[in-house]
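1. fold the stuff below for me.
(2 chains)
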Amino acid sequence: MISLKDVIAGYRGIEIIKNIDIFFEKGSITSIIGKNGCGKTTLIKTASWLLKPYSGNIMLDGESICNIPDKKLARKISFLPQIRIAPNISVYNLVMHGRFPYLGFSRIPHDEDKAIVENALEKLGLKKYRNKNVKELSGGERQKVYLAMVLAQDTDYIFLDEPTTYLDINHQLEILDIIKELKNMGKAVIMAIHDLNSALTYCDKVCLLDKGEIVIFDTPEAVYNSREIERVFRVKCDEIHLEEKDQSQYIFSI
Amino acid sequence: MLTFLLLFFATLSVSIGSTNIPLSKTFSVIFKGDRISKEFQIINYVRIPRTLAAIYAGCALSLSGLILQTVLNNALAGPSIIGVNSGAGLFTTLIIALFPAYITLMPIAAFIGALMVTLLVYFIAKKTGASRITIVLSGVAVSSFIGAITDTLLTLWPDTAIGRTSFLIGGLSGVTMNGIKLPGILISISFVAVFILSYDMNVLSLGDETAKSLGLNVSRYRFIFIVLSSLFAGSAISFAGLLGFIGLIIPHASRFIIGYDSRLLVPVSALMGSLFALICDILARTMFAPYEVPAGIVMSFLGGPFFIYLLLKQKRRVVDD
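-> Okay, the predicted model is just below:
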């Protein structure tokens, strides 16, 4: 489990998130929602130790995160930023970068690393692209390649910043299914997300942020019933139950 | 193939010049070593140092540019643009103009100058957001300021051991074995280091956040790479002057040929840089023999059109910016 206690963090001395108490458990999907600029990205960057907090404690599986060396941490936590460079390398080489925390001084991958990379390519249906340049892929395919890299990194905790933004609906659903698959593999997936319907339908826990503070952190049902989403976003939110799929969907209106 | 070409041109470089020495004679002089012959004197004291200087300078400046372009994620980064050259140039000039007794320390001074200015540019850019364009803009601004100081020094002390024009254009005439000993060692050590770290360079080129989440200590490695880049450029500038162009075009030309994997790019850029410098130097001293033009001029004459040709040929492949 990753837990944050009384965490304050930000950039250049400006506090972006305050009084953060939250935890992320293995085998679950947590979404971080909130208006633009509320501190979603700052929260996941802090929880994944990419950003050092000004104060507060972050524990990873019972150990203070600040005592864990970089490489060891990278075997526990992976982070996929929203804005990434599309590198001019092959799909296989990019996915192999996921094994970087496990490579020795020579940086030569072992058979085990190669097998894990093959498995990640297979799982995400990327085998046909293995020798293709990442730059030549569409946004959706590129996102899958990065997820394959994360899969190859084989961490218990996966942080994703806006994993479905800018993707067409088909790729959005595909990515969300992959995220579900990661959860079924026992991993904790924590994602900052703008799509409130996906947050409420795909996740086990939802954390609603407003002005850098947590408004509510609970199950999707509890968050919906609290009506806090409506207050923070100043929208009306309705739940529609789809009988044939036995599933709820959420629609929003002003 | 590149190694073979390099060997071929290295042999050619030893044989030809204002006095042409046939290949058979060249080999017999090198291997038998008739120390009093005129050919031996030319080969041993002029041609071999000069050939080695071209190989070292080409390799070093090309790798300096490759490192900067990769670790700063900036296609426009090159030793001449980012401030490496101007820093090395200033400190080299300072030694020559004000402390000529310490002229043997020139490579160290050039390295310190290159490192100081590069770090200054990097920190200014970081302070203002470290976008790709701020790095280039702050590099241009700092380079121009430092260049003005260098120009002032060279104008006030016109009788320094190096000619102002030849230093600014860059060239390899008058290189001695002693002059390239220390830079050669520094370049060789840096080459081994950058070759070992080439995979880490690949990871760093994925961007700070991705590299960090893969367990790479980004600030430490970026600093190490900037030090290596400064070592390369500083060492080369100390004996070859401001040969800036190689550092910008050779890494790009290498990428056009073999792609973006630093594990291959490092040796290929080194070989291509050496080859390019060697060919330019051979042309510089043979085109108008017995007169010679600075190699820097030939480099720009050859390199500019060659680079434009590559851009046109590969117009569908966008240069990674």
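2. show me what from the stretch 51-200 of chain A comes close to chain B.
-> Residues of the stretch 51-200 of chain A found near chain B (C-beta under 8 Å from any C-beta of the partner chain) are A:70-75, A:77-81, A:84-85, A:87-89, A:93-94, A:97-98, A:100-101, A:103, A:107, A:135, A:153. The way it works is simple: take the backbone N, C-alpha and C, and place the C-beta from them, glycine included.
3. could you turn the buried ones of the residues you listed into a PyMOL selection?
-> Here the buried members of those are turned into a PyMOL selection, burial being counted by 16 or more other C-beta atoms under 10 Å in any protein chain shown:
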select buried, chain A and resi 70+73+74+77+78+79+80+81+84+85+87+88+89+93+94+97+98+100+101+103+107+153
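4. out of the residues of the stretch 51-200 of chain A next to chain B, which sit inside strands?
-> Cross-referencing these with the strands (criterion: DSSP state E) gives A:Ile77, A:Ser78, A:Phe79, A:Leu80 as the overlap.
5. surely the last one meets A:Thr164?
-> No - with contact defined as C-beta atoms under 8 Å, A:Leu80 does not count as touching A:Thr164 (11.7 Å).
6. sec struct for the residue most central in space within chain A, please.
-> Among the residues of chain A, the smallest C-alpha distance to the mean C-alpha position (C-alpha atoms, centre = their mean) belongs to A:Leu160, namely 2.3 Å. Secondary structure for A:Leu160, judged by DSSP: H, G, I helix; E, B strand; the rest coil, is strand.
7. OK, contacts around it?
-> Contacts of A:Leu160 were listed using C-beta atoms under 8 Å, 6 or more residues apart in numbering or on different chains, and they are A:Ile44, A:Phe79, A:Leu80, A:Ile179, A:Val189, A:Ile190, A:Met191, A:Ala192.
8. quick one: contacts for the last one?
-> Listed by C-beta under 8 Å, 6+ apart, the contact partners of A:Ala192 are A:Ser31, A:Ile32, A:Ile33, A:Lys40, A:Thr41, A:Leu43, A:Ile44, A:Gln82, A:Leu160, A:Asp161, A:Glu162.
9. what do you get for the second one?
-> If you count contacts by C-beta under 8 Å, 6+ apart, A:Phe79 has them with A:Ile44, A:Lys45, A:Ser48, A:Leu50, A:Ile158, A:Phe159, A:Leu160, A:Asp161, B:Glu209, B:Thr210, B:Lys212, B:Ser213.
10. can you name the residues bridging to it?
-> With DSSP bridges as the criterion, A:Phe79 is bridged to A:Phe159.
11. which ones are touching the residue of the stretch 151-300 of chain B found nearest chain A?
-> Going by C-beta to the nearest C-beta, chain A is nearest to B:Gly215 of the stretch 151-300 of chain B, at 3.0 Å. By C-beta under 8 Å, 6+ apart, the contact set of B:Gly215 is A:Asp70, A:Lys71, A:Lys72, A:Leu73, A:Ala74, A:Arg75, A:Phe100, A:Pro101.
12. okay, the last one: pLDDT?
-> Looking back up the chat, that one is A:Pro101. At A:Pro101, the predicted lDDT confidence score is 96.
13. what's the helix or strand for residue 224?
-> Using chain A here. Under the criterion DSSP states H and E, the helix or strand holding A:Tyr224 is helix A:220-226.
14. you looked at the wrong chain, it should be chain B
-> If you go by DSSP H and E, B:Ile224 is part of helix B:218-240.
15. before we move on, back to that, who does whichever helix or strand comes after the helix holding A:Tyr224 touch, helix- and strand-wise?
-> As assigned by DSSP H and E, the chain's next helix or strand after helix A:220-226 is helix A:228-233. Helix A:228-233 is packed against strand A:205-210, strand A:213-218, strand A:236-242, with contacts defined by 3 or more C-beta pairs under 8 Å, 6 or more residues apart in numbering or on different chains; DSSP states H and E.
16. how about helix A:228-233 as PDB, C-alpha atoms only?
-> Backbone C-alpha positions of helix A:228-233 (Å, rounded to 0.1, in the frame of the first residue of the first chain) are rendered in PDB as follows:
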ATOM      1  CA  GLU A 228     -19.900  16.800  -4.300                       C
ATOM      2  CA  ILE A 229     -19.100  16.300  -8.000                       C
ATOM      3  CA  GLU A 230     -22.100  18.500  -8.800                       C
ATOM      4  CA  ARG A 231     -21.000  21.200  -6.300                       C
ATOM      5  CA  VAL A 232     -17.300  21.200  -7.400                       C
ATOM      6  CA  PHE A 233     -17.900  21.100 -11.200                       C
END
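17. quick one: contacts of that helix?
-> If you take C-beta under 8 Å, 6+ apart as the criterion, helix A:228-233 is touched by A:33-35, A:196, A:208, A:210, A:215-216, A:223, A:235-237, A:252.
18. for those, which one is nearest chain B?
-> The closest of these to chain B turns out to be A:Gly34 (C-beta to the nearest C-beta; 20.2 Å).
19. list phi and psi for that closest one.
-> Here the main-chain torsion angles of A:Gly34 (degrees, to the nearest 10) amount to phi 160, psi 170.
20. which residue is the nearest non-sequential neighbour of it?
-> Sequence neighbours aside, A:Leu209 is the residue nearest to A:Gly34 in space, at 3.6 Å (criterion: C-beta to C-beta, 6 or more residues apart in numbering or on different chains).
21. so the one you found bridges to which residues?
-> Assigned bridge partners for A:Leu209, using DSSP bridges, are A:Gly34, A:Ile214.
22. show the buried residues in the contacts of A:Ala192.
-> Burial by neighbour count, judged by 16+ other C-beta under 10 Å, picks out A:Ser31, A:Ile32, A:Ile33, A:Lys40, A:Thr41, A:Leu43, A:Ile44, A:Leu160, A:Asp161, A:Glu162 from the contacts of A:Ala192.
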